[in-house]
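In: let me see the structure of the following:
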Amino acid sequence: MKTITIRRQAPLLLTTSVPALLAGLFSGCGLFTGPKERVAQVDSIAVAAVPTPSGSAKLTFFGVVGFNLCAELVRVERRVSGDTLTWRFIARNEGSNCLQAVATLRHEDSVPNLPARTVVIRAERSNGEPLLRTLQLPLAAPTQR
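Out: Numbers count the residues shown, from 1 in each chain. Take a look at the predicted model:
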């Protein structure tokens with residue numbers, strides 16, 4: 001007695017077009033790619049006119065983390081090289097069904113007020129051109145009248 005095996009194959013059209021169609025539909029939803037980290041855009045650096053109670057110079061960085069509310073600030077990297085202090089703000093966009101609005105950056109940090117010196121505050125930006133601000137230390141304490 002002979003056994004005959006019959007194989008049934010799906011039509012060629014279904015095996016090639018359905019996966020391509022599904023990949024096209026879902027690729028924009030972030031299902032196939034993980035969150036991407038990038039450098040946030042820093043627009044300005046504000047320096048408080050007077051030192052903090054601990055004697056430090058207070059810095060505030062302003063900018064844009066992303067253009068939807070799924071964007072978030074992941075970490076802040078800070079490097080010191082001589083009298084140049086560099087900040088790098090790393091943002092991530094996670095998700096796809098997000099409210100379209102600007103996610104703003106507002107980060108406060110401080111620099112020791114002493115010793116007397118000139119420092120360069122450098123913020124790396126998403127467009128590749130750093131934002132620079134020169135700061136003369138020490139900041140003067142407010143005078144009493």
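In: may I ask which helix or strand encompasses the spatially most central residue of the chain?
Out: Compute the mean C-alpha point of the chain, and by C-alpha atoms, centre = their mean the closest residue is Ala91, 2.0 Å away. Assigned by DSSP states H and E, Ala91 belongs to strand 84-93.
In: who does that strand touch, helix- and strand-wise?
Out: strand 36-39, strand 56-66, strand 71-81, strand 103-112, strand 117-123 (3 or more C-beta pairs under 8 Å, 6 or more residues apart in numbering; DSSP states H and E). All C-beta spots, glycine's among them, are computed from the backbone N, C-alpha and C.
In: quick one, the last one and strand 56-66 angle?
Out: Our comparison of strand 117-123 with strand 56-66, counting by axes from the mean of the first three to the mean of the last three C-alpha atoms, to 10 degrees, yields an angle of 10 degrees.
In: what are the contacting residues of strand 117-123?
Out: Here strand 117-123 makes contact (C-beta atoms under 8 Å, 6 or more residues apart in numbering) with 42, 45, 47, 59, 61, 83-89, 111, 130-137.
In: give me the sheet partners of it and which way each runs.
Out: strand 84-93 (parallel), strand 131-137 (antiparallel) (DSSP bridges).
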